[in-house]
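**Student:** Build me a model:
(3 chains)
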Amino acid sequence: MNTGDTLLIIYNLLLSSFGKQNWWPAETKVEMIVGAVLTQNTSWSNVEKAIRNLRAGDLLSIEGLSNMPLNVLSDYIKPAGYFNLKARRLKNLIDFVNDRYAGNLDELFSLDITAIREGLLSVNGIGRETADSIVLYGAELPLFVIDTYTYRILTRHGLVDENIDYSELQAIFMDNLPHEAELFKEFHALIVKAGKEFCKKKPLCIECPLRILDKEIS
DNA sequence: CACCAGGCAAGTA
DNA sequence: TACTTGCATGGT
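**Tutor:** Residues are numbered from 1 along each chain as shown, chains lettered A, B, ... in the order given. The predicted structure is shown next:
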């Protein structure tokens, strides 16, 4: 069986177990990119509190975030943790959108995948996962997002070497699946969902929907 | 009490 | 290139 078939089996097993996830959970593009920064190494429930604070202050817009002192911004996003660091990162990202695209996110998102990704990666505080998340869920272009759950699930089930790096793991998905944004969005969301429920402990749990892969795939 | 969460950059060797 | 460390709140 080839890799593409294996990945689609995983996708369908997860979809059957958990149902559609309908990510990204944001009402606007600005809310999406803010959430992408805030969720770095942080539980989504804490991000939600920070997002709620910003929305309550009517600050979930490029303009609202633009003229915001760092110490005030960090106060709003405190529940998301690393608040001083993330306030600077959010400001860096907003400055980037203002300086290069006149504050118009849609202008950034109208570029091609490589241009969007490279631009985002030039912003201090935006790394590969955050950039790729914004391309997939913000621009809605087909770039597969890799995270710790993706790495954990594939290594735990013996599907990839544990020394694999981000770009290699990303290539596994990109080279073997059709480049469809809807598929990539749902697949990544399902991987995160599965990672939260299972595969946390070393031994594979008996209820894991991917357990049937352990013997069949090498 | 300890441990983890939808990372990233800077420092060190 | 390959480690290590700081960043920080809130849930389990």
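
**Student:** contacts, neighbours, all on C-alpha from now
**Tutor:** Will do.

**Student:** Whatever residue of chain A ends up closest to DNA strand C: neighbour count?
**Tutor:** Scanning chain A for the residue nearest DNA strand C gives residue A:82, at 3.0 Å (criterion: Cα to the nearest atom of the strand). The burial count assigned to residue A:82 is 15, neighbours taken as other Cα atoms under 10 Å.

**Student:** now residue A:88: how far from residue A:214?
**Tutor:** Taking Cα to Cα, to the nearest Å as the measure, residue A:88 and residue A:214 are separated by 44 Å.

**Student:** So which of those two has more stuff around it?
**Tutor:** Counted by other Cα under 10 Å, residue A:88 and residue A:214 do not tie: residue A:88 has more neighbours, with 18 against 13.

**Student:** could you say which helix or strand contains the spatially most central residue of chain A?
**Tutor:** What sits nearest the mean C-alpha location of chain A, by Cα atoms, centre = their mean, is residue A:133, with 3.9 Å. Counting by DSSP states H and E, the secondary-structure element that holds residue A:133 is helix A:128-133.

**Student:** my guess is residue A:79 meets residue A:45, correct?
**Tutor:** No: here residue A:79 does not reach residue A:45: they are 9.2 Å apart, not a contact under Cα atoms under 8 Å.

**Student:** more neighbours, these two?
**Tutor:** residue A:79 (19 against 12).

**Student:** What are the phi and psi values at residue A:6?
**Tutor:** phi -60, psi -50 (degrees, to the nearest 10).

**Student:** same deal with residue A:22?
**Tutor:** Recorded main-chain torsions at residue A:22 are phi 50, psi 50, according to degrees, to the nearest 10.

**Student:** Show me what from chain A comes close to DNA strand B.
**Tutor:** Of all the residues in chain A, those in contact range of DNA strand B (Cα under 7 Å from any atom of the strand) are A:23-25, A:36, A:39-45, A:121, A:123-131, A:133, A:147-148, A:192, A:196, A:200.

**Student:** again, only this time at 6 Å
**Tutor:** Residues of chain A that fall close to DNA strand B, judged by Cα under 6 Å from any atom of the strand: A:24, A:36, A:39-44, A:123-131, A:147-148, A:192, A:196.

**Student:** Out of those residues, which end up buried?
**Tutor:** Judged by neighbour count, with 16 or more other Cα atoms under 10 Å as the criterion, the buried members of the residues of chain A next to DNA strand B are A:24, A:36, A:39-40, A:123, A:125-126, A:128-131, A:147, A:192.

**Student:** ok, which pair from the residues you listed is furthest apart?
**Tutor:** Spatially, the most separated pair among these is A:123 and A:192, at 25.3 Å (Cα to Cα).
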